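Undergrad: just the structure for this:
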Amino acid sequence: MKPVIRHLESLDNPDIFDIYSNASVMEHTSQLQYLSTDTVASLFNSPQNYTLVAEHDSKVVGHVTVFQSIKVRAKHCASLAIAVHPEIHGKGIGKALMNAVIDQSDNWLNITRLELEVHKDNLGAISLYKRMGFEIEGTKRLSTFKSGKYIDTVIMSRINPSYQLGA
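TA: Next up is the predicted model:
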């Protein structure tokens, strides 16, 4: 399946909300379940963020958002958030979104460091991120409360391969 990757539009908000209305998606985020449509829209429709969506059969089935640092000395850094509709998991949507956001970050947004946090039990996501060039930097122990217990969060990053130390 080859999705169309494009920039988020306000008309996509109902589809993004549909993704986040699934408990299997929400359990892997830092958000609480049962978010309102306005809350979901505000997470990704900000001028400081850069959101790409994956569209299949005229429906948005996934997104990836770059949150660029607002700190003056860290403008070369950005964090990522990604979600794919559970009905379409395993069809290459996450990989397509990651490829697109890495291209945008490396070649258009002047991002040297992409970073993300992922729940330690989200093995499929960790595997994808490793295939995309992300490396594990560490673990935040007992950092998230999920399903009635505390779990660890893994910190991962990817440095733009064209970056040369001291250059």
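
Undergrad: for this structure, longest helix please?
TA: Of all segments of type helix in the chain, defined using DSSP state H, the longest is helix 93-107.

Undergrad: average pLDDT across it?
TA: Mean per-residue pLDDT for helix 93-107: 96.

Undergrad: got the buried residues for that helix?
TA: Under the neighbour-count criterion of 16 or more other C-beta atoms under 10 Å, helix 93-107 has Ile93, Gly94, Ala96, Leu97, Met98, Ala100, Val101, Ile102, Gln104, Ser105, Asp106 buried. Where you see a C-beta, it was placed from the backbone N, CA and C, and this is true even at glycine.

Undergrad: widest-spaced pair of the residues you listed?
TA: Longest distance between any two of the buried residues of helix 93-107 is 20.5 Å, between Ile93 and Asp106; criterion C-beta to C-beta.

Undergrad: count of neighbours near Leu32?
TA: Counted with other C-beta atoms under 10 Å, the neighbours of Leu32 add up to 8.

Undergrad: how about it, secondary structure?
TA: With DSSP: H, G, I helix; E, B strand; the rest coil as the basis, Leu32 sits in coil.

Undergrad: strands along the protein, start to end?
TA: Secondary structure of the chain (DSSP state E): strands at 4-7, 49-56, 59-68, 77-84, 113-119, 135-146, 149-159.

Undergrad: with mean pLDDT and distance to Ser42 added, can I get those strands in TSV?
TA: TSV is the format used below for the strands of the chain (pLDDT from 0 to 100; distance: least, C-beta to C-beta, whole Å):
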stretch	mean pLDDT	distance to Ser42
strand 4-7	96	17
strand 49-56	95	10
strand 59-68	95	12
strand 77-84	95	13
strand 113-119	96	20
strand 135-146	95	22
strand 149-159	96	23
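
Undergrad: give me whichever of those strands is most buried.
TA: Compared across the strands of the chain, strand 59-68 shows the largest average neighbour count, a mean of 22 (mean count of other C-beta atoms under 10 Å).

Undergrad: show me what that strand is packed against.
TA: Packing partners of strand 59-68 (3 or more C-beta pairs under 8 Å, 6 or more residues apart in numbering; DSSP states H and E): helix 13-20, helix 37-44, strand 49-56, strand 77-84, helix 93-107.

Undergrad: list the strands paired with that strand, with their directions.
TA: strand 49-56 (antiparallel), strand 77-84 (antiparallel) (DSSP bridges).

Undergrad: could you export the ones you listed to TSV, including columns for distance to Ser24?
TA: Output for the strands paired with strand 59-68, formatted as TSV (distance: least, C-beta to C-beta, whole Å):
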stretch	distance to Ser24
strand 49-56	17
strand 77-84	10
